[in-house]
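**Student:** Quick one, structure for this:
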Amino acid sequence: MSRLIRLVFIMTLFCSAGVHAESSVSQLKKAFNKGRFVLPSAEELKQAGEAYLKELRGESAEDLWNTLAIRRILQQDLLYLKEAPDSRTGRGLFALRLGDNVQPWLIQAPHAKSDIYTGRIAARIFSEGGLKAAMWNSVPRNTRVENSAMKLSADMAHLPNTYWQAVTRSFALHYKKGKIIQFHGYAQSKRKTQAGRDSDVIISAGHKNPPAWVQHFTRCLKKNLAVKVSLYPYDVKELGATTNIQGHLLQKMGFDGFLHIELSKSMRKLLLKRKDLRLMLLNCIN
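**Tutor:** Got it, this is the predicted structure:
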């Protein structure tokens with residue numbers, strides 16, 4: 001899709017996007033809790049991955065989700081996959097847009113609450129961009145993993161063997177040329193370098209050789225944003241997502257559509273408030 005056509009397509013979605021965004025925010029509020037986190041079994045993850053693939057193909061996987069105590073909730077053209085109230089173990093909240101007239105992109109907010117505003121930003125961008133999928137964590141990132149001898153926490157961007165990994169893998173298998181875009185937040189005052197402290201946006205691909213499209217995206221942001229935008233590892237040497245577990249998985253799969261976006265708090269406030277900035281961000285992605 002050319003950039004002009006994509007821009008027109010995105011703009012036509014804004015009329016109904018507010019309703020969709022509020023729907024996603026509402027579902028996240030209901031799904032998020034301060035409860036427990038339990039690592040799923042290998043068999044459970046295999047089933048979850050198969051069920052998600054079926055949904056991506058346009059086939060209902062309700063029977064599979066029911067055996068996993070995941071509820072399938074339809075709201076207009078959006079499908080939410082959410083843990084049953086009596087079976088919450090921190091697996092996450094997952095949303096899919098039905099139909100074929102979608103952008104094959106997946107928006108991820110692994111720290112939806114602790115990286116303040118990122119969950120809501122993800123919901124709005126998912127809705128306004130006509131994107132295929134989105135996902136949010138559903139317990140705080142510092143929640144202890146119950147069934148592990150190691151001292152692990154439920155950080156979806158760093159913990160292996162989760163529904164997040166299974167869904168990420170299925171999406172990348174189905175949309176080999178798609179995009180997986182992950183939003184994070186950081187405190188500028190806590191950065192280790194001057195370049196990090198000066199940056200409002202830090203872009204990376206999860207490794208030291210960002211593909212051409214990620215470099216183009218960064219140049220587009222630099223041109224259109226009146227804040228400091230940095231690309232790892234050229235402009236800044238930190239927050240490059242090199243330990244990100246989704247990034248590692250996608251690199252092993254040969255999938256180069258991973259985009260990791262770190263935002264300062266002031267930038268998160270702007271993105272949450274301003275539709276034009278969210279539209280510009282979407283339009284900068286090839």
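**Student:** least trustworthy helix or strand in the chain by mean pLDDT?
**Tutor:** helix 3-31 (a mean of 65; mean pLDDT, DSSP states H and E).
**Student:** Following that helix in sequence, what is the next regular element?
**Tutor:** Following helix 3-31 in sequence order, the next helix or strand is helix 42-56 (DSSP states H and E).
**Student:** And that following helix, what does it pack against?
**Tutor:** Applying 3 or more C-beta pairs under 8 Å, 6 or more residues apart in numbering; DSSP states H and E, one finds that helix 42-56 makes contact with helix 62-67, strand 78-83, strand 93-97, helix 163-174. All C-beta spots, glycine's among them, are computed from the backbone N, C-alpha and C.
**Student:** So which of these has the densest surroundings on average?
**Tutor:** strand 93-97 (a mean of 24; mean count of other C-beta atoms under 10 Å).
**Student:** Please save the CA atoms from it in CSV.
**Tutor:** What follows is strand 93-97 as a C-alpha-only set of coordinates in CSV (Å, rounded to 0.1, in the frame of the first residue of the first chain):
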residue,chain,number,x,y,z
LEU,A,93,-5.4,-9.6,26.8
PHE,A,94,-5.4,-10.1,23.0
ALA,A,95,-7.5,-8.3,20.3
LEU,A,96,-8.0,-9.1,16.7
ARG,A,97,-9.8,-7.1,14.0
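**Student:** got the angle between it and helix 163-174?
**Tutor:** With axes from the mean of the first three to the mean of the last three C-alpha atoms, to 10 degrees as the basis, strand 93-97 and helix 163-174 are set at 20 degrees to each other.
**Student:** Give me the helices and strands touching strand 93-97, please.
**Tutor:** So strand 93-97, by 3+ C-beta pairs under 8 Å, 6+ apart, packs with helix 3-31, helix 42-56, strand 78-83, strand 131-136.
**Student:** just how off-centre is the last one within its chain?
**Tutor:** When C-alpha coordinates are averaged (C-alpha atoms, centre = their mean, to the nearest Å), strand 131-136 and its chain have centres 7 Å apart.
**Student:** That one pairs with which strands, parallel or anti?
**Tutor:** Strand 131-136 sits in its sheet next to strand 93-97 (antiparallel), strand 103-109 (parallel), going by DSSP bridges.
**Student:** So what angle separates the directions of it and strand 78-83?
**Tutor:** Going by the same axes, to 10 degrees, strand 131-136 is angled at 20 degrees with respect to strand 78-83.
**Student:** what residues does strand 131-136 touch?
**Tutor:** 24, 28, 31-32, 56, 92-97, 102-109, 112, 119, 122-123, 125-126, 164, 167, 171, 175, 178 (C-beta atoms under 8 Å, 6 or more residues apart in numbering).
**Student:** Please repeat the previous calculation with a cut-off of 6 Å.
**Tutor:** By C-beta atoms under 6 Å, 6 or more residues apart in numbering, the residues outside strand 131-136 that reach it are 28, 92-97, 102-109, 112, 119, 122, 126.
**Student:** Are any of those residues buried, and if so which?
**Tutor:** 28, 92-97, 103-109, 112, 119, 122, 126 (16 or more other C-beta atoms under 10 Å).
**Student:** angle of the helix or strand that Gln251 is a member of against strand 103-109?
**Tutor:** For Gln251, the element it lies in under DSSP H and E is helix 245-253. Per the same axes, to 10 degrees, the angle that helix 245-253 makes with strand 103-109 is 140 degrees.
**Student:** which strands and helices sit next to helix 245-253?
**Tutor:** Here helix 245-253 touches helix 163-174, going by 3 or more C-beta pairs under 6 Å, 6 or more residues apart in numbering; DSSP states H and E.
**Student:** hmm, 7 Å instead?
**Tutor:** Helix 245-253 is packed against helix 163-174, strand 179-186, strand 258-264, with contacts defined by 3 or more C-beta pairs under 7 Å, 6 or more residues apart in numbering; DSSP states H and E.
**Student:** Please work out the angle formed by the directions of the following helix or strand past the shortest one and strand 258-264.
**Tutor:** Yep, that's strand 258-264 we're talking about. Once the chain leaves strand 258-264, the next helix or strand it forms, by DSSP H and E, is helix 265-273. Orientation check (the same axes, to 10 degrees): helix 265-273 against strand 258-264 gives 110 degrees.
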